[in-house]
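1. Predicted coordinates and the sequence they were generated for:
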Amino acid sequence: MQANEKEPYGRLWGYLDGVIALGIFAGSLAIYNATLAPSLSYKSGDGNELITEAYQLGLAHMTGYPLYTWLGKLFTFIPLGDVAHRVNLMSATLGAAGVAILYLAVLTLTGTRVASLFTAFFFAFSLTFWSQTGIAEVYVPNAFMVALMLLLLFKWAEAEKRPGSRASLWYFLAFSLVFGLSLGTHMSNLGFTPAFALFVLLVNWRVVKQPKKLLGGGFLFLLGCLQFLWLPYKASNLTDALMVRNAPHTWEGFYNYTLGAFPQMKFAFPFWALPDRLVIYLNLLRQNFGLIGMVLGLWGMWEMLFRRTRAFYLLIVMYIVHLIFFTQYRVFDLDVFFIPSHLIYAVFIGYGVYRLLEYLYTMTKRMEIPRWAVSGVVALLLLPLVVSQVHANYSKNDYSKDTAINDFYENVFEILPEGSVLLGRSGVFGYDMFYFRLVYDLRPDVLIPQASGQGSIEPEVIGEAIYTTVRMDGGQGFRGPQAPPAGLLSPDAWYIPVLVGQSGQAIPSGQRRELILYRVSDEPPELAAEGEPQHLIEERVGDLELVGYDLEEVRVGRGKRLSLTYYWRVTRPMLVATFLGDEIVEVHSLGFGNLERYGQELNPSGDLILKEEFMLVVPSWLSPGEWPLRVGSIAFGGGEPLERVIELTVIEVTE
């Protein structure tokens, strides 16, 4: 008799599995919370927008994500950290809940706790899934919904074996509602429809003759889909140029915003590129589960084909449909789109472990070795796989020091003069700045035109002090989605650095974003040094010579700023890196992008000593104490090792 066909667990066993699921939830959440991003983050391109729109119950970018927005709003009421931290916490919480549900789903399928526990934790700490539990993004909440749909379908199939069971109806109706709601975490779930329909027919084709179930399920699915009425209701709030062009005011706009979203990304590769795309996917699968996990998954597929055929067809059709669509999807963060595929593969892994246990039980039965002893040995053998997942992926997914955005913008809004204008990125990518205005109404005297989608600005404002976090040299910034309001900036303006935040190599590759506040000026910066620096150095730093530096203070609070000036004798352009201890706090190009134009237009003397004057944000995650202030250089074009780093002085960082 198959494990899933045994008599239902008694009430005591049911309570035990509930306790185990709660333990999985608590354990996973504890680790996810330890690696959680404390606030805004560049780990996701969309996360800062999703946080802000959740707070103000607005409309997120295509495809809208209404369910995500509403759930995010609920989490903003939790009195922990700032609003961004709370929405990040939603990912951690739903991630842990999804892992607990995965345990219950595999348990329903196999009846084996060892296999189910291993599957839950092996998936919980896989590289990609874990990477999304610490930030505000849709992928982990969507995995929660996919796991819940699988659990409900498996429970429904079990209930169908008991004629006249009312549980069958309730599981079917619950699944239908969750399926409709799941489209509000990711529209791609609609692609699972053929797999769901096939499974229902394979379990009990007579469902087609049960109008109560069909009509009830269809009604609840459509009820879940009604969430998308949120789109036209909130469409007037859109400011992103791309989203406004596809605003869901009309039927065509509604289609373009949902099912027709991002057509340039779908099926973007020719047929002959398919092998290469599959190789990319297999490499991602190996990164998440390793070779042992891949083999266990294939073994589980093979065993399930013959022993749980209906469940196999459900999972394999879901898996193949998802795989086909996203191997043909053109995005820079492709790995996260495969999280539902990885979850399904984890179920195959769990089934493979279950069948391995069954074979071992059969082999050891003759030797009168109790089943619990075999289960214990297998659990001990599997434990290192989970431990290795945690060990290998913890540092990669530890975002607890990701304070760069908040540190930078809190200082920006503190130093901006009254009545000034602040520009930056617009649309979805501008919410690192918009968040502080739209959520906390910080510095209402400062005009942020892009936060409200202003395409033009009143002439009297043009004379005010203008600052920007994005350079728009040579007119290139006056086109496209990042364009400032018309008539606000001159193409010949200079961009003079004022404040530098943690950026460059201090943030992992793939999430680097320059954090520099520039003052826009018609006059060039004072790059030619006049007078001597306070502290003479006269030492080589790679191909540069550091003549000296000025430093106004050596005592600074965490998250505050140092006033720093470098004096360089220039041999050739380089990247300059500033350290506190061994941490690279910022990286910038020599002269902050002004050096070449300065030389062409002002023709300074050949013995120019370059002066770089700016304020440096001290990361708030630094522990109080003494930190050496150091400077080095990196050659352009390759992130080559620093040739030499010079220690300037010691900074005392205070609370």
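-> All right, it came through fine. Residues are numbered from 1 along each chain as shown.
2. Let me know whether residue 437 touches residue 450 as I believe.
-> No. In this structure, residue 437 is not within contact of residue 450 by CB atoms under 8 Å, at 10.2 Å. In short, each C-beta sits where N, CA and C put it, glycine included.
3. And these two? Which one has more around it.
-> Taking neighbours as other CB atoms under 10 Å, residue 437 and residue 450 compare with residue 450 leading, 24 against 21.
4. quick one, what contacts that one?
-> Going by CB atoms under 8 Å, 6 or more residues apart in numbering, residue 450 touches 239, 423-426, 430, 434, 484-485.
5. can we see that at 10 Å?
-> Residue 450 is in contact with 239-240, 422-427, 430, 433-434, 470, 481-485, counting by CB atoms under 10 Å, 6 or more residues apart in numbering.
6. Tell me how far residue 61 lies from residue 370.
-> From residue 61 across to residue 370, the span is 56 Å (CB to CB, to the nearest Å).
7. Between these two, which has more neighbouring residues?
-> Neighbour comparison, residue 61 and residue 370: the larger count goes to residue 61, with 21 against 11 (by other CB under 10 Å).
8. picking up where we left off before, can you tell me which of the contacts of residue 450 end up in strands?
-> Under the assignment DSSP state E, the contacts of residue 450 contribute 422-423 to strands.
9. out of the contacts of residue 450, which are inside helices?
-> 433-434 (DSSP state H).
10. Which secondary structure elements does the helix or strand of the chain with the lowest mean pLDDT sit against?
-> Ranked by mean pLDDT, DSSP states H and E, the weakest helix or strand in the chain is helix 595-602, scoring a mean of 81. Helix 595-602 sits against strand 494-500, strand 609-617, with contacts defined as 3 or more CB pairs under 10 Å, 6 or more residues apart in numbering; DSSP states H and E.
11. Partner strands of the first one and their direction?
-> Partner strands and pairing direction for strand 494-500 (DSSP bridges) are strand 516-521 (antiparallel), strand 609-617 (parallel).
12. Would you mind getting the angle between it and helix 595-602?
-> Strand 494-500 runs at 140 degrees relative to helix 595-602, counting by axes from the mean of the first three to the mean of the last three CA atoms, to 10 degrees.
13. how distant is strand 494-500 from the center of its chain?
-> 29 Å (CA atoms, centre = their mean, to the nearest Å).
14. can you count the residues close to residue 648?
-> 19.
15. What is the three-state secondary structure of the closest residue to it other than its chain neighbours?
-> Among residues not flanking residue 648 along the chain, residue 629 sits closest, at 4.8 Å (CB to CB, 6 or more residues apart in numbering). Assigned with DSSP: H, G, I helix; E, B strand; the rest coil, residue 629 falls in the strand class.
16. residues near residue 629, how many?
-> Here the number of neighbours of residue 629 (other CB under 10 Å) works out to 21.
17. surely it meets residue 583?
-> No. Residue 629 lies out of contact with residue 583 (CB atoms under 10 Å); the separation is 11.1 Å.
18. Could I get the contacting residues of the nearest residue to residue 517 once chain neighbours are set aside?
-> Spatial nearest neighbour of residue 517, chain neighbours left out: residue 499 (4.1 Å); criterion: CB to CB, 6+ apart. Residue 499 makes contact with 408-409, 411-412, 414-416, 467, 469, 515-519, 561, 614-617 under the criterion CB under 10 Å, 6+ apart.
19. Just the buried ones from those, in ChimeraX syntax?
-> To isolate the buried members of the contacts of residue 499 in ChimeraX, using 16 or more other CB atoms under 10 Å:
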select :408,409,411,412,416,467,469,515,516,517,518,519,561,614,615,616,617
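20. hang on, the earlier thing: from the contacts of residue 450, which would you call buried?
-> Buried members of the contacts of residue 450, scored by 16+ other CB under 10 Å, are 239-240, 422-427, 430, 433-434, 470, 482-485.
21. burial measure for residue 121, as a count.
-> Residue 121: 23 neighbours (other CB under 10 Å).
22. can I assume it sits in a helix?
-> Yes. Counting by three-state DSSP, residue 121 is part of a helix.
23. Walk me through the domains of this structure.
-> Taking automatic domain parsing as the domain assignment, the ranges for the chain are 10-397, 403-492, 525-655.
24. which ones are touching the nearest residue to residue 253 once chain neighbours are set aside?
-> By the measure of CB to CB, 6+ apart, the closest residue to residue 253 outside its immediate chain neighbours is residue 247, 5.2 Å from it. Shown in contact with residue 247 (CB under 10 Å, 6+ apart): 59, 231-232, 235-238, 240, 253-254, 256-257.
25. Got a quick ChimeraX command for the buried subset of these?
-> Filtering those down to the buried ones (16+ other CB under 10 Å) takes a single ChimeraX command:
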select :59,231,232,235,238,240,253,254,256,257
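26. Give me the lowest-pLDDT entry from the contacts of residue 247.
-> Across the set of the contacts of residue 247, residue 240 stands lowest in pLDDT, at 81.
27. Okay, it and residue 51: tell me how far apart.
-> Counting by CB to CB, the gap from residue 240 to residue 51 is 15 Å.
28. ok so, going back, of all the helices and strands packed on helix 595-602, which one is nearest residue 310?
-> strand 609-617 (57.7 Å; CB to CB).
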